[in-house]
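Colleague: Sequence first, predicted coordinates after that:
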Amino acid sequence: MTSTTRFKLSFMMFLEFFIWGSWFVTLGTFLGSNLQATGAQTGAAFSTQSFGAIIAPFIIGLIADRFFNAEKILGVLHLIGAFLMYQMFNTQDFTAFYPYVFAYMVVYMPTLALVNSVSFNQMGDPEKEFSNIRVWGTIGWITAGLMISFIFHWDSAEGIKEGFLKNTFMLACVASLILGVFSFILPKTPPKVNKGEKVTVSGILGLDALKLLKSSDFLIFFLSSILICIPLAFYYQNANPFLTNIGLENPTGKMTIGQISEAFFLLLLPVFFKKFGFKKTLMAGMLAWVVRYTLFAYGDAGSSSWMLILGIALHGICYDFFFVSGQIYTNARAGETVKSAAQGMITLATYGVGMLIGFWVAGEITDSHKLAEGSFDWNMIWLIPAGIAAVVLILFAVSFKEKKELKA
């Protein structure tokens, strides 16, 4: 790979996740403070990510893999995304906002697969080369959070009061416009499937891998993956509004500690996986969710703020030790013939079905624990997902039997 190609791919990854991090983290806070959205409405807005994840395979399978270069579709989708972000910036109420965020997620979620396709197409050894490119996406997400908190101060008490959080959509709009134009000079990535080749719905959604569910261990892992997405949704939907509501300074910037942690534990994952095996690694990830939410439940913005910071820092274990380990396990269990289908099925089950249920549950629980004058019973809002994660952990620990050949 030439230095020019490496720069292009790294800049593409940086912008891809800068865009997502520049508005998605503060979305819950924006909806509550700017649009006076209820918990159920906030859950509906976050659920658009799940609908996007469900629809994305069709865009990739029916269009990107058959008719057009991946980099060109990437450019078009981000240009459309820039327009939708501008419209979200201008909305004044939730009713007008929702169609735009729904449409945006439909066009954005496929780009996550497209940037990977463009990258892999330029690599001789993706297992060694991809991480050096993908890390720039994490850096992009972190940069967005630091800018919002420490440069623009949009998430400060004063900034929220003045309605400055809506500027996050303009920030994402500009970045989307840049990436949309830049995509057309990315390395050419032609379609992977011949135009005459038959494509089925089951193939697009990864349902060809359903036969893996005949194995009891994979079935238990599959169901656990869906269930653990319920407490996961609470973090995405409520973490920023929670930290803002209790008065923690620079909440968005401090939440980037989670992405730094994610990058760090990603490096430790192979060592942990090899030493302790898949089951214990997954259990560590589930336990981290229990600990994290317990810390959130009893932490505050004063003398116990360390509990909040520690809870944020646990993101690396929460995410890497469960979801990345799950991808590795799925890859090992699937075999060559249905490897891609199996990954697609797991993605559909977690980010599609699991998160969709999770955002709905999080919205309902948040509404049911709303107190007077815009305050919430955060203790219970966090203890409930902690309890859900604990139940999933216990069920998994008791019922999952690890295959000996997957322990090393």
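Modeller: Received the coordinates, thanks. Numbering: from 1, shown residues only.

Colleague: Now do the contacts for the residue nearest to residue 368 when sequence neighbours are not counted.
Modeller: Excluding its sequence neighbours, the residue lying closest to residue 368 (Cβ to Cβ, 6 or more residues apart in numbering) is residue 39, at 8.0 Å. All C-beta atoms are positioned from the backbone trio N, CA, C, and that covers glycine. Residues in contact with residue 39 (Cβ atoms under 8 Å, 6 or more residues apart in numbering) are 362, 363, 364, 365, 366, 367, 368, 370.

Colleague: Take those and keep only those in helices.
Modeller: If you go by DSSP state H, these have 362, 363, 364, 365, 366, 367, 368 in helices.

Colleague: Assess the claim that the fifth one and residue 377 are in contact.
Modeller: No. Under the criterion of Cβ atoms under 8 Å, residue 366 is not in contact with residue 377, lying 9.6 Å apart.

Colleague: More neighbours: these two, which one.
Modeller: Neighbour count, other Cβ atoms under 10 Å: between residue 366 and residue 377, residue 366 has more, with 26 against 14.

Colleague: Local confidence estimate at residue 46?
Modeller: Looking at residue 46, its pLDDT reads 96.

Colleague: How about the secondary structure of residue 67?
Modeller: coil (DSSP: H, G, I helix; E, B strand; the rest coil).

Colleague: can you check residue 124 too?
Modeller: Assigned with three-state DSSP, residue 124 falls in the coil class.

Colleague: Excluding chain neighbours, what is closest to it?
Modeller: Per Cβ to Cβ, 6+ apart, closest to residue 124 is residue 1, 7.7 Å.

Colleague: how far does stretch 316-324 stretch from start to finish?
Modeller: Using Cα to Cα, to the nearest Å, the end-to-end distance of stretch 316-324 comes out at 10 Å.

Colleague: check which helix or strand covers the residue nearest to residue 400 when sequence neighbours are not counted.
Modeller: Spatially, and ignoring its direct neighbours in sequence, residue 400 is nearest to residue 220 (4.8 Å; Cβ to Cβ, 6+ apart). Assigned by DSSP states H and E, residue 220 belongs to helix 216-245.

Colleague: now for that helix, which elements pack on it?
Modeller: Packing contacts for helix 216-245, counted by 3 or more Cβ pairs under 8 Å, 6 or more residues apart in numbering; DSSP states H and E, involve helix 27-34, helix 39-59, helix 251-298, helix 315-319, helix 325-334, helix 355-368, helix 378-399.

Colleague: Tell me which of these approaches residue 6 most closely.
Modeller: Nearest to residue 6, of all the helices and strands packed on helix 216-245, is helix 251-298, at 18.5 Å by Cβ to Cβ.

Colleague: what element comes up after the closest one heading to the C-terminus?
Modeller: Using DSSP H and E, the first helix or strand after helix 251-298 is helix 305-313.

Colleague: on contacts alone, who are the packing partners of that next one?
Modeller: Contacting helix 305-313 under the criterion 3+ Cβ pairs under 8 Å, 6+ apart are the following elements: helix 251-298.

Colleague: how far does the helix it packs on sit from the chain's center?
Modeller: Relative to the centre of its chain, helix 251-298 is centred 15 Å away, using Cα atoms, centre = their mean, to the nearest Å.

Colleague: now for it, which elements pack on it?
Modeller: Checked by 3+ Cβ pairs under 8 Å, 6+ apart, helix 251-298 has helix 126-146, helix 216-245, helix 305-313, helix 315-319, helix 325-334, helix 378-399 packed alongside it.

Colleague: Mind listing what's buried along stretch 249-265?
Modeller: 250-263, 265 (16 or more other Cβ atoms under 10 Å).

Colleague: tell me the mean pLDDT for it?
Modeller: So the average pLDDT for stretch 249-265 ends up being 93.

Colleague: Is the residue nearest to residue 124 in contact with residue 129, as I believe?
Modeller: Yes. Counting by Cβ under 8 Å, residue 1 touches residue 129, with 6.8 Å between them.

Colleague: what touches both of the two?
Modeller: By Cβ under 8 Å, 6+ apart, residue 1 and residue 129 have these common neighbours: residue 123.

Colleague: tell me the secondary structure for residue 190?
Modeller: What three-state DSSP gives for residue 190 is coil.

Colleague: how many neighbours does it have?
Modeller: Residues lying near residue 190 (other Cβ under 10 Å) number 9.

Colleague: Kindly report the same for residue 271.
Modeller: Neighbour number of residue 271 under other Cβ under 10 Å is 9.

Colleague: repeat for residue 274
Modeller: By other Cβ under 10 Å, the residues close to residue 274 number 11.

Colleague: what's residue 371 in contact with, if anything?
Modeller: Residue 371 touches residue 377, counting by Cβ under 8 Å, 6+ apart.

Colleague: and it, how far is that from residue 157?
Modeller: Residue 371 is 19 Å from residue 157, where distance means Cβ to Cβ, to the nearest Å.

Colleague: in stretch 282-298, what's buried?
Modeller: Buried-residue list, stretch 282-298, by 16+ other Cβ under 10 Å: 282-297.

Colleague: Does residue 234 touch residue 380 like I think?
Modeller: No. Applying Cβ under 8 Å as the test, residue 234 and residue 380 come out as separate, 11.7 Å apart.

Colleague: These two: who's more crowded?
Modeller: Under the criterion of other Cβ under 10 Å, the comparison of residue 234 against residue 380 puts residue 234 first, with 28 against 12.

Colleague: who touches the closest residue to that one other than its chain neighbours in this structure?
Modeller: Closest residue in space to residue 234, ignoring its immediate chain neighbours: residue 385 at 4.2 Å, by Cβ to Cβ, 6+ apart. Going by Cβ under 8 Å, 6+ apart, residue 385 touches 230, 231, 234, 289, 293, 362.

Colleague: My guess is the last one contacts residue 241. True?
Modeller: Spelled out, that is residue 362. No. Judged on Cβ under 8 Å, residue 362 makes no contact with residue 241 at a distance of 10.9 Å.

Colleague: So which of these two has more stuff around it?
Modeller: Of the pair residue 362 and residue 241, residue 362 is the one with more neighbours under other Cβ under 10 Å, namely 30 against 23.
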